[in-house]
Each structure stands twice: as C-alpha cells, then as structure tokens.
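S.K.: Have a look at this fold, sequence not included:
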C-alpha cells in the first residue's frame, strides 16, 4: 500500500524547490548582451600640409613633383628612344576624375614619346573592363595603367596581363594574387585617408554654421565591397568626427551598385529622419544621387560632403540650396595620371621605382570654389563652368 504524503510535507518540498531555483538564478547571472565592438580608430585632425596615405602596403609616398625630379633630361630622351607602347584602362567616362586621370597620363606620355595604343573606359562594368583589356593586349603594349572597376571581379584578366609579362601601374587599388613590385610595379593615387579626413572637417564646419557649435548627427555611405580607396575615405571621415564629442555618427550604410545610388538613398534616408548630414565616399554619380534623393524626399536641411570635384559638383556647391552639397575633398587628379607614366619611365630605365605616389587634397566649399577649381583643373586648362559664377553672383 502506497502512502500519500501529507499536505504539510508537500508544502515543505515546494518551498525547498522554489528556494533552490531562486538561489540558482541569484548565483548564476543571466548572460549579458554582447557589446558593439569598438573600432579602435584614433581621432585625426585635418591638416592640408600632411599626407595621410601610406597605401595598402604601408609605405611612404612621393608627390608627382618628386617623382618627375627623379628623371633627368637625358633619362627622358632615353625613354623617347625606347618607342614604348602604353594601354590605359579607366572606370567611367561619366566620372570627371577618370577623365582627368587619362588626360594627365596622355599629356605625360606625349612628353616622353610613349605611344598610347589603348585608352578605354569600362563604364562601371567589370565584364566590359575584362573585354577591353583582352582587346588591348592584342596591341602588344609594354605597360598598362589601370583604374579598375572592381579588383576582385576583374583579377583574372589582370592575371593574364601579368602572365604575359606586361608590368602594371595601378590607380589606387591592387589586384588579389598579383605580385608587388614584380607584376604591379607601383601605385599612383589620391590621399585616400586624407580625403575622408578633409570631408569630415567640411562636415564639422557645416554643422557649426548650422548650430553655432560642433554638434549633430551624421551617417556615412560607402560602397558595399572591399575597396581600399573608399574604405579608407570612410574611415578617415569617422576618425575626424571623433574630434567632436557632440557630433555623432549614427549609422554606417552601403550601396551595392554605384550606378543605382538614387534608389539606395531613397530607401536609406527615411530610416534616419533626424540626421543633419551624410558623407558619401565619392561624388559622381553617388553623392549627386543622394542629393537628388534628398530633394525628392523633401529633406531640405540635409548636408552632404564627399570626395572628388567635377563640373556638376561645382555647380551644386555654388547653388547652395537645401539639401546642400556643402563641400568636397578635391585634388589635381590629372597628376595621378602624370605620376603613373613617370613611374613607368623609371621602370623602363631600370631605376628604382617608388611604390606609392600621392597627390595632395584640396578642401572645396563655396567660399573658395573658384580658387579650388583652378588648383584642381588649372594644370589641364579645364575652365570653370559658367553656371558656377552665375550662382556665386558674378
């Protein structure tokens, strides 16, 4: 016969169990929510006399003037006697910085008697770049200069170039699997980190003009791939923002396609109804598409800063209507092409080739727009758009 415990005994058992459970939860704490990892980035102040860029290889850079000075007149004549052939491959003819790159490269090639046998734009399409490079190889160039659409997507064709024994000078971005300096002999670029720092400085000035103090909320918008140049720009911007305790970077967004940023911006901006500004890692077409999206969404108080000066960008800076493209980090981009050609000349002569050439950054905003344009485009004689003077009042 089974005995049924009394009610008193059952009550004691329940009390003991409840106590045990309580002790367990007191002595074993609940797991904490994981914290957002720190980015460990140090604050960076904008300094127009400093080069922030050391490239992916972490090396000292040289200016265009320093690289040109490495060649004597006798060296230049020796290069002319070599009858070298050069192929040029650029990102897009719709991007004025690409046009400036190629203009500088063509001018320098003419100076040194180097024949340009191919001069092509991929229009932001990796497959087009691959086809153009394969066609250019049929012309038996001695060297390639390339500003690639996307290094990962096009690396196979550049492996073909290297395997054919054709040395490459890259504009800003290396290709996975290619040897430096045996196959990629050098890198000519803007100051990637410095342009981001400069754009951060411009954002801070814009917010100060708005509030009378350095405060506000901003978002960054970068290309959603591993692309050294734009990644460095975004990082430099955030490092500059760290100087201002009351300016908060509240979001880091990306776009998948540089030719479709308008749609991306229309989706992103409603998620941030109270931000003051947005940094976009380059202007054409990206920052200009963000500006258009802000107009269509009625975000008249939005401030935009970015990188690269062009005719359309200059017009929008001069227009100064809300939403505002307040300013950009510009540069004499033609000198990127000039440096690339002179690096090739050094290599052809068997001289030591610097691994990195960097051009200085020019902060551009409405008050210095005319002078900044001359600094960026005066070397190739590109005139300031007349609309700029109209918006500036003559």
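M.R.: Here it is on my side, so go on. Here the structure is a predicted model, which means the values were calculated and not measured.
S.K.: and the helix or strand hosting residue 387, which residues are buried?
M.R.: Under DSSP states H and E, the secondary-structure element containing residue 387 is helix 386-392. For helix 386-392, a neighbour-count test (16 or more other Cβ atoms under 10 Å) marks 388, 391, 392 as buried. Bear in mind the C-beta positions are built from the backbone N, C-alpha and C, glycine included.
S.K.: Show me what that helix packs onto, helices and strands only.
M.R.: The helices and strands touching helix 386-392, judged by 3 or more Cβ pairs under 8 Å, 6 or more residues apart in numbering; DSSP states H and E, are helix 311-319, helix 369-377.
S.K.: Let me see the mean pLDDT of the last one.
M.R.: Helix 369-377 shows a mean pLDDT of 97.
S.K.: contacts for it?
M.R.: For helix 369-377, contacts defined as Cβ atoms under 8 Å, 6 or more residues apart in numbering pick out 100, 309, 314, 317-318, 330-334, 362-364, 384, 388-389, 392.
S.K.: And stretch 332-342, by the same measure?
M.R.: Stretch 332-342 is contacted from outside by 64, 67-68, 70-71, 86, 97, 100-109, 112, 114, 145, 169, 171, 186, 188-190, 308, 357, 359-360, 362, 375-380, using Cβ under 8 Å, 6+ apart.
S.K.: With stretch 43-50 instead?
M.R.: So stretch 43-50 is contacted by 52, 193-194, 197-198, 200-201, 236, 239-240, 242-243, 360-361, 363 (Cβ under 8 Å, 6+ apart).
S.K.: Now with 10 Å, please.
M.R.: By Cβ atoms under 10 Å, 6 or more residues apart in numbering, the residues outside stretch 43-50 that reach it are 52, 191, 193-194, 196-202, 204-205, 235-244, 329, 360-363.
S.K.: buried ones in it?
M.R.: Buried residues in stretch 43-50, counted by 16+ other Cβ under 10 Å: 44, 46.
S.K.: That one: how far from the chain's middle?
M.R.: Relative to the chain's own centre, stretch 43-50 is displaced by 17 Å; criterion: Cα atoms, centre = their mean, to the nearest Å.
S.K.: just stretch 328-340 next, same as before
M.R.: With Cα atoms, centre = their mean as the basis, stretch 328-340 stands 14 Å off its chain's centre.
S.K.: Can you get me the start-to-end distance on that stretch?
M.R.: Taking Cα to Cα, to the nearest Å, the first and last residues of stretch 328-340 lie 24 Å apart.
S.K.: so residue 289 touches residue 255, yeah?
M.R.: Yes. When contacts are counted by Cβ atoms under 10 Å, residue 289 is listed as touching residue 255 (8.7 Å).
S.K.: what do those two both touch?
M.R.: Shared contacts of residue 289 and residue 255 (Cβ under 10 Å, 6+ apart): 221, 261, 262, 263, 264, 265, 280.
S.K.: Among those, name the ones in helices.
M.R.: 261, 262, 263, 264, 265 (DSSP state H).
S.K.: now the strands for the stretch 151-300 of the chain?
M.R.: Along the stretch 151-300 of the chain, the stretches classed as strands by DSSP state E, counting those that start in this stretch are 168-171, 184-190, 216-223, 247-255, 277-280.
S.K.: so where is the stretch 1-150 of the chain shaky, pLDDT-wise?
M.R.: Scanning the stretch 1-150 of the chain for pLDDT under 70 picks out the ranges 1-38.
S.K.: all strands of it, in order?
M.R.: Assigned by DSSP E, counting those that start in this stretch, the strands in the stretch 1-150 of the chain fall at 85-90, 115-121, 143-146.
S.K.: Of all the ones you listed, which one comes closest to residue 212?
M.R.: With Cβ to Cβ as the criterion, residue 212 lies closest to strand 85-90 of the strands of the stretch 1-150 of the chain, at 43.7 Å.
S.K.: Any buried residues in that closest one, and which?
M.R.: Residues of strand 85-90 classed as buried by neighbour count (16+ other Cβ under 10 Å): 85, 86, 87, 88, 89, 90.
S.K.: Take the ones in helices among the shared contacts of residue 289 and residue 255 and write them to JSON lines, including distance to residue 154, neighbour count and pLDDT.
M.R.: Listed next are these as JSON lines, based on distance: Cβ to Cβ, whole Å; neighbours: other Cβ atoms under 10 Å; pLDDT from 0 to 100:
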{"residue": "261", "distance to residue 154": "21", "neighbour count": "24", "pLDDT": "97"}
{"residue": "262", "distance to residue 154": "25", "neighbour count": "17", "pLDDT": "97"}
{"residue": "263", "distance to residue 154": "25", "neighbour count": "12", "pLDDT": "97"}
{"residue": "264", "distance to residue 154": "23", "neighbour count": "21", "pLDDT": "96"}
{"residue": "265", "distance to residue 154": "26", "neighbour count": "26", "pLDDT": "98"}
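S.K.: Output the residues you listed in CSV, with distance to residue 164 appended to each entry.
M.R.: Putting those into CSV (distance: Cβ to Cβ, whole Å) gives the following:
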residue, distance to residue 164
261, 36
262, 40
263, 40
264, 38
265, 42
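S.K.: And those, which is closest to residue 346?
M.R.: Ranked by distance to residue 346 (Cβ to Cβ), these are led by residue 261 at 38.1 Å.
S.K.: Contacts only, for the closest one.
M.R.: Applying Cβ under 10 Å, 6+ apart, the residues contacting residue 261 are 221, 223, 255, 268, 280, 282, 285-290, 292-293.
S.K.: to the chain's geometric centre, what's the distance from stretch 294-309?
M.R.: On Cα atoms, centre = their mean, the centre of stretch 294-309 falls 18 Å from the chain's centre.
S.K.: Now do that stretch, average pLDDT.
M.R.: Mean predicted lDDT for stretch 294-309 stands at 97.
S.K.: Verify the stated contact: residue 196 with residue 281.
M.R.: Yes. Residue 196 sits in contact with residue 281 when judged by Cβ under 10 Å, with a separation of 7.7 Å.
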